[in-house]
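In: compute the structure for the input listed below.
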Amino acid sequence: MAALDARIAAHPDQFRVLTGERPTGRLHLGHYFGTILERVTLQGQGVETFLVLADYQVITDRDTAENVATNVHDAVLDYLAAGLDPTSTTIFTHSSVPALNQLLLPFLSLVTEAELHRNPTVKAELAASGRALSGLMLTYPVHQAADILFCKGNLVPVGKDNLPHVELTRTVARRFNDRYGDLFPEPEPLITAAPEVPGVDGRKMSKSYGNAIALGMTEDETAAVIRRATTDSERHITFDPEGRPGVAALLTTAALCAGTTPEIIAERIGSKGAAELKRVTTDAVNDRFTTHRRRRAELAQDRSTVTDVLQAGIERANTIADTTLDEVRSIMSMNYTR
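Out: This next block holds a predicted model:
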């Protein structure tokens with residue numbers, strides 16, 4: 001990883017990043033500390049970044065696309081408020097780039113059903129959904145390969161849990177190149193050191209768990225969510241993730257926002273109890289995101305801000321995707337108009 005970091009720092013122009021998320025709800029602290037800060041850092045280094053809001057993938061495990069438009073709009077506001085610059089970071093939605101999605105067809109011919117069933121994310125998402133496995137869910141990793149390869153991305157920021165996705169993308173690229181001719185890079189994973197942000201109930205912060213602190217919350221909304229957090233009856237505050245998950249979750253959140261450690265926060269609170277812990281955590285979150293929320297509110301005053309960013313990003317993504325699809329057709333001898 002150190003060698004890759006050094007290469008990025010020395011030659012940021014040699015890298016193109018694809019990253020993104022499903023717009024299934026409001027972005028929260030887990031997104032901010034887990035991915036958004038990393039994107040801002042890469043942007044600052046001069047790395048070209050593509051950020052996909054994977055709206056088609058919302059329906060991998062649900063029957064409706066309700067609220068997707070609102071979630072996309074809110075996500076763009078949070079991206080901009082956090083410091084992502086649309087002149088450096090191309091922000092777009094899946095459903096607006098037909099050529100990207102068409103790459104799924106030739107890519108599917110390069111993988112086996114067994115390889116798809118073995119993908120850890122497919123298995124985890126299937127278990128969490130409690131639903132029958134849909135064709136879209138099964139092919140989710142190949143769709144992600146299309147996301148990365150449509151723009152010939154060669155760097156993908158991931159946590160260790162998502163390494164199999166990058167490996168499958170590398171497999172797709174390698175098999176395509178072997179079968180038809182060199183066209184796609186084999187992207188490298190950039191393993192992020194981002195912390196896992198716990199929700200207020202001690203589990204991983206997740207929109208589906210209802211335990212998240214959204215970036216767009218007001219100070220009062222933040223206080224209300226933290227006030228409802230489950231702690232325990234022991235008055236002396238200690239950092240014990242195994243034995244006291246609720247207390248540990250609040251300490252972790254406060255520490256991340258304050259730029260210190262959970263142990264130091266616990267020591268400061270001492271025997272002042274859960275009420276003081278919740279007050280400290282609330283103040284830490286609200287202090288950390290004062291500027292973000294103010295900037296977000298300013299941006300939200302003009303709805304065209306978001307639509308202009310999306311329109312520019314979608315236009316650029318389409319231009320690149322159309323070119324890539326044309327190259328794919330040509331190298332596969334399927335371009336019949338030339």
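In: any idea how far the helix or strand of the chain with the lowest mean pLDDT is from the chain center?
Out: Every helix and strand in the chain was compared by mean pLDDT, DSSP states H and E; the lowest is helix 120-129, with a mean of 76. Chain-centre distance of helix 120-129: 17 Å, with CA atoms, centre = their mean, to the nearest Å.
In: what packs against the following helix or strand past that helix?
Out: Using DSSP states H and E, the next helix or strand after helix 120-129 towards the C-terminus is helix 135-138. Applying 3 or more CB pairs under 8 Å, 6 or more residues apart in numbering; DSSP states H and E, we find helix 135-138 packed against helix 113-118, helix 120-129. Using the backbone N, CA and C atoms, a C-beta is placed for each residue, glycine as well.
In: who's in contact with the longest one?
Out: Same thing as helix 120-129. 60-62, 116-117, 133, 137-138, 140-141, 161-162, 164-165, 208 (CB atoms under 8 Å, 6 or more residues apart in numbering).
In: restricted to buried residues, select those residues in ChimeraX.
Out: Of these, the buried ones can be selected in ChimeraX as follows, counting by 16 or more other CB atoms under 10 Å:
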select :60,61,116,133,137,138,140,141,162,164,165
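In: which one of the contacts of helix 120-129 is nearest to G44?
Out: G44 lies nearest to N162 out of the contacts of helix 120-129, by CB to CB, at 23.1 Å.
In: neighbours of R179, how many?
Out: If you count neighbours by other CB atoms under 10 Å, R179 ends up with 12.
In: isn't it up against L110?
Out: Yes. Using CB atoms under 8 Å, R179 is in contact with L110, at 7.4 Å.
In: show me where this structure has its strands.
Out: 16-21, 48-53, 89-93, 155-158, 188-191 (DSSP state E).
In: longest helix in the protein, by residue count?
Out: Looking across the chain with DSSP state H, the single longest helix is helix 304-331.
In: counting contacts, what elements does that one pack onto?
Out: On a contact count with 3+ CB pairs under 8 Å, 6+ apart, helix 304-331 meets helix 68-82, strand 89-93, helix 98-102, helix 140-150.
In: take those and write them to a markdown table, including distance to R296 and mean pLDDT.
Out: Listed next are the helices and strands packed on helix 304-331 as a markdown table, based on distance: least, CB to CB, whole Å; pLDDT from 0 to 100:
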| stretch | distance to R296 | mean pLDDT |
| --- | --- | --- |
| helix 68-82 | 4 | 97 |
| strand 89-93 | 15 | 97 |
| helix 98-102 | 28 | 97 |
| helix 140-150 | 26 | 95 |
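In: those: which one's closest to F289?
Out: Judging the helices and strands packed on helix 304-331 by CB to CB, what sits closest to F289 is helix 68-82, at 9.1 Å.
In: what's in contact with the closest one?
Out: 21, 23-27, 31-32, 36-37, 40, 51, 53, 55, 58, 86, 89, 91, 93, 215-216, 292-293, 295-296, 299-300, 303, 305-306, 309-310.
In: try stretch 300-308
Out: Against stretch 300-308 from outside (CB under 8 Å, 6+ apart): 73, 76-77, 80, 299.
In: state the mean pLDDT of it.
Out: For stretch 300-308, mean pLDDT is 95.
In: from the contacts of stretch 300-308, pick the one nearest T323.
Out: When the contacts of stretch 300-308 are compared for distance to T323 (CB to CB), V76 wins out at 24.9 Å.
In: show me the shaky parts of the protein.
Out: Within the chain, the stretches with pLDDT under 70 are 208.
In: which residues touch the residue nearest to T171 when sequence neighbours are not counted?
Out: Leaving aside its chain neighbours, T171 sits nearest to V111 (7.1 Å; criterion: CB to CB, 6 or more residues apart in numbering). Neighbour list for V111: 142, 168, 171-172, 175 [criterion: CB under 8 Å, 6+ apart].
In: okay, buried residues for the least confident helix or strand of the chain please.
Out: By 16+ other CB under 10 Å, the buried positions in helix 120-129 come out as 121-122, 125-126.
In: doesn't F176 make contact with L110?
Out: Yes. Using CB under 8 Å, L110 is in contact with F176, at 6.0 Å.
In: when those two are compared, which one has more neighbours?
Out: Between L110 and F176, counted using other CB under 10 Å, F176 has the larger neighbour count: 23 against 19.
In: what's near enough to touch that one?
Out: F176 sits next to 106-107, 110, 183-184 when contact means CB under 8 Å, 6+ apart.
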